[in-house]
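Student: with the input below, show me the fold.
(chains A, B, C and D)
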Protein chains: 2
Amino acid sequence: MSSIRELARRCGVSVATVSRVFNTPEVVSQQTRQLVLGMAAEIGYLPNESARTLATKKSHMVGLVWDTDHRRPGWRHPFLQDILVALKSALSAHGLHLLMLAPDPGAGPADPRRFLRAVQRHNVDGVVIIDNGSRDPAVLALADAEVPCVALDLRFTGPTCTYVTSDNAGGGRLAATHLIERGHRRIATITGPAGNWPAAQRLAGFREALAGAGIPLAGDDVVAGDFYLDSGHAAMTRLLARDPRPTAVFAAGDEMAVGAIKAIREAGLRVPHDVAVIGFDDIEVAALIPPGLTTITQDKTGFGTAAAESLMAMLADPATPPEPTMLPTTLILRGST
Amino acid sequence: MSSIRELARRCGVSVATVSRVFNTPEVVSQQTRQLVLGMAAEIGYLPNESARTLATKKSHMVGLVWDTDHRRPGWRHPFLQDILVALKSALSAHGLHLLMLAPDPGAGPADPRRFLRAVQRHNVDGVVIIDNGSRDPAVLALADAEVPCVALDLRFTGPTCTYVTSDNAGGGRLAATHLIERGHRRIATITGPAGNWPAAQRLAGFREALAGAGIPLAGDDVVAGDFYLDSGHAAMTRLLARDPRPTAVFAAGDEMAVGAIKAIREAGLRVPHDVAVIGFDDIEVAALIPPGLTTITQDKTGFGTAAAESLMAMLADPATPPEPTMLPTTLILRGST
DNA sequence: TCACCTGATGTAATCGGTTACATGAAACCG
DNA sequence: CGGTTTCATGTAACCGATTACATCAGGTGA
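Tutor: Residues are numbered from 1 along each chain as shown, chains lettered A, B, ... in the order given. Have a look, this model is predicted:
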């Protein structure tokens, strides 16, 4: 590995000049610049990022804190991949790399500082948090990192923190309005786990729009799931047992909606003829299962780009974190309603 | 940020002693060790990884080269997420972080060294390649990195390279055997794009098993797709136009299989009654679309852990790259055959 | 008692860059 | 022509760690 000193020696210039060729080329003469660049190409010189980071305290790396919940490892959501792709390419465009942080090795699995320490050790310029709404203390502790932080789908504020989320309440409203327009009056919903903020917002918007139309949503009409398929199946089974049974159901996540459709079919009923189903997320399967799942779509690419932009804004002006971003949600009409 | 010098000063010891407390604690006296650790906790000292990397040339980071094809950016496969989760947790267990590399900023989108340079700059201890079989020169160039390299689902060897793949030929054989056992004799297949190695292996195994049973596979019985849904739909449409039409189809990827099922339905035919379909991959939707897609499953978790293990082996002994890993494939029986 | 070893610690060079400041030559100006 | 800019470059301190080597005190064996 050739170092800057080696390159400087070969060119007969000082290391400072070489450094300037790469960092502030405009201050070095045309002639010298070409000499240095030519020789650099010849001997395959590349600046060592660790050394640069040490000297400048900028690593050009963004830490990704992800799959944080040690009680539910390997957690995944079909969103993640889309978001990750978008995030990575948005960051790449700004010359930033994404470092997927492992918890600090010195820490136990429940240590609330296990990610904070990993972040601090690595000199990352910023942090993106993709969490499952677990409100894990180790995630919340990241607010103390003196580093720009952007959380995805998690309310997360602080002197250097902001977040990106969907307009969950608006999405809930859209879902309700759609079902009402389709003529439904006996409506139920499968919500997310207690304490999950996005799910609560979806429910709030949904409830609000129903109330506006004078349609009640009784306690029994709201059943909680955990966003996974089986919980949607179980919840739907319970709802079908009600009398009169609902003619339409809003599931706060597509996987649960798929589970619900399965339960409806197993009960010998048809979708949407007997029970209409609307989901939330617009994951890949939504378009593929018959009769096609009507759903509220979230802007997955938007999550990635908005996160990158918020981060860039904070890198430019660390003092003032930007306002949280709220991404619009849209109704996607398919066959299930 | 407190440095090692600051900590040493506060403890009244030398920086060497502090360093030893963290790296070779056994050589420092019990008393000093506790003094240093106590003070470190008090002032929140954490070693700076960039400085360590500079001094030791070990970064504890593994570079991930992914989404490499600039002609098809944002490429994704439902596998990726599962593999990524497994890879990350396997590496975490060894204290390694995963750096998702952006192409070197100084390079154009077609520069064959754009990833190689990114790898070299960052002092990563190793590289994992997740490629779409594009045989992108920029990926192949990584064989020149003097760093342990593990490629996933891509034949990739070299003095410091190895790879992990599924037993694609075996999977193809499984698929053929299954269809034969079901009594099919008019069999066709939707394969992957020309030059795609895994797809070619699947086809080879499939063909071999058919030949063993004395069943011919004519040129017209093999139609190429690109692994995406639409290509499966188009290929199936062509196959259905044949006379006599096939009674069973093997698609080299589940997405194409789903597209094929769609085409069969649109032609007014039933799965599996009129045409049986078997896929490859076992992605999430396979279990969800009716009637359930029979498929050959790949061990996604195995990809992640095998990649991590190969990497660890090369880190331990850089001279001898381990043999490629071939993961077993299994038949998953569902309703489509 | 002396030579030698052992265990704990310190000194200082080193890793590969960046950058404030100094230097020196050429250009410009009245 | 002397003085002031301007431009290109060099010198050397610094970033925060690691580690080879030196040092030194105390113990051991002859």
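Student: nearest residue to the closest residue to chain B within the stretch 201-337 of chain A in space, please, no chain neighbours.
Tutor: Residue of the stretch 201-337 of chain A nearest chain B, by CB to the nearest CB: A:Val285 (4.8 Å). Backbone N, C-alpha and C define where each C-beta goes, glycine included. Excluding its sequence neighbours, the residue lying closest to A:Val285 (CB to CB, 6 or more residues apart in numbering or on different chains) is B:Val285, at 4.8 Å.
Student: rewinding a little: give the contact list for the residue of the stretch 201-337 of chain A closest to chain B.
Tutor: Contacts for A:Val285 (CB atoms under 8 Å, 6 or more residues apart in numbering or on different chains) come out as A:78, A:254-255, A:258, A:293, B:284-285, B:288-289.
Student: near DNA strand C, from the residues you listed?
Tutor: Applying CB under 7 Å from any atom of the strand, the subset of these adjacent to DNA strand C is empty.
Student: tell me if I am right that the residue of the stretch 201-337 of chain A closest to chain B is in a helix.
Tutor: Yes - assessed with DSSP: H, G, I helix; E, B strand; the rest coil, A:Val285 lies in a helix.
Student: what's the spacing between it and DNA strand D?
Tutor: 47 Å (CB to the nearest atom of the strand, to the nearest Å).
Student: buried ones in stretch A:193-213?
Tutor: A:193, A:196, A:198-203, A:205-207, A:209-210 (16 or more other CB atoms under 10 Å in any protein chain shown).
Student: if I pick A:Ala313, what's in contact with it?
Tutor: Neighbours of A:Ala313 in contact, by CB under 8 Å, 6+ apart: A:Pro322.
Student: before we move on, which element is it in?
Tutor: helix A:300-316 (DSSP states H and E).
Student: and after that helix, which helix or strand comes next?
Tutor: That would be, after helix A:300-316 and using DSSP H and E, strand A:325-327.
Student: who does that following strand touch, helix- and strand-wise?
Tutor: strand A:161-166, helix A:300-316 (3 or more CB pairs under 8 Å, 6 or more residues apart in numbering or on different chains; DSSP states H and E).
Student: try it again with 10 Å
Tutor: strand A:161-166, helix A:168-181, helix A:300-316 (3 or more CB pairs under 10 Å, 6 or more residues apart in numbering or on different chains; DSSP states H and E).
Student: stretch A:182-190 - what's its average pLDDT?
Tutor: Mean pLDDT, stretch A:182-190: 96.
Student: just stretch A:323-337 next, same as before
Tutor: 96.
Student: tell me who's in contact with the residue lying closest to A:Ala86 once chain neighbours are set aside.
Tutor: Of all residues not flanking A:Ala86 in the chain, A:Gly304 sits nearest, at 2.5 Å (CB to CB, 6+ apart). A:Gly304 sits next to A:82-91, A:128, A:152, A:164, B:74 when contact means CB atoms under 10 Å, 6 or more residues apart in numbering or on different chains.
Student: flag every residue of chain A that's near DNA strand D.
Tutor: A:12-17, A:20, A:27-29, A:31-32, A:51, A:54-55.
Student: what are the phi and psi angles of A:Ala276?
Tutor: phi -90, psi 150 (degrees, to the nearest 10).
Student: ok, it - how many residues close by?
Tutor: Applying other CB atoms under 10 Å in any protein chain shown, we find 23 other residues in the vicinity of A:Ala276.
Student: now A:Leu37
Tutor: 16.
Student: wait, what's in contact with it?
Tutor: Per CB under 10 Å, 6+ apart, neighbours of A:Leu37: A:11, A:18, A:21-22, A:25, A:45.
Student: which helix or strand contains it?
Tutor: helix A:30-43.
Student: re the thing from before, of the contacts of A:Leu37, which are in range of chain B?
Tutor: Filtering the contacts of A:Leu37 for neighbours of chain B using CB under 10 Å from any CB of the partner chain leaves A:Phe22.
Student: please pick the buried ones from the contacts of A:Leu37.
Tutor: A:11, A:18, A:21-22, A:45.
Student: for these, which one is nearest A:Ala118?
Tutor: A:Phe22 (29.3 Å; CB to CB).
Student: and the helix holding A:Ala313, what's buried?
Tutor: For helix A:300-316, by 16+ other CB under 10 Å, it's A:300-315.
Student: for the residue most central in space within chain A, list each beta-bridge partner.
Tutor: Nearest to the mean C-alpha position of chain A, by CA atoms, centre = their mean, lies A:Leu152 at 4.0 Å. Beta bridges link A:Leu152 to A:Ile130, A:Val164 when assigned by DSSP bridges.
Student: surely it meets A:Thr165?
Tutor: Yes - applying CB atoms under 10 Å, one finds A:Leu152 in contact with A:Thr165, separated by 7.7 Å.
Student: neighbours around whatever residue of the stretch 101-250 of chain A ends up closest to chain B, how many?
Tutor: The minimum distance from the stretch 101-250 of chain A to chain B, using CB to the nearest CB, falls at A:Ala102 (3.6 Å). Counted by other CB under 10 Å, the residues lying close to A:Ala102 total 21.
Student: quick one on the thing from earlier: ok, now how distant is the residue nearest to A:Val285 from DNA strand C?
Tutor: From B:Val285 to DNA strand C the distance is 48 Å (CB to the nearest atom of the strand).
Student: how many other residues sit next to A:Ser3?
Tutor: 14.
Student: what sits against it?
Tutor: Contacts of A:Ser3 (CB under 10 Å, 6+ apart): A:9, A:15, A:18, A:45, A:47-48, A:51.
Student: run the last query once more with 8 Å
Tutor: So A:Ser3 contacts A:45, A:48 (CB under 8 Å, 6+ apart).
Student: and the closest residue to A:Ile43 other than its chain neighbours, which of the three is it?
Tutor: Nearest non-adjacent residue to A:Ile43, counting by CB to CB, 6+ apart: A:Ser2, 5.0 Å away. Classification of A:Ser2 by three-state DSSP places it in coil.
Student: ok, back up a step: lowest-confidence one in the contacts of A:Gly304?
Tutor: Scoring the contacts of A:Gly304 by pLDDT puts B:Gly74 last, at 63.
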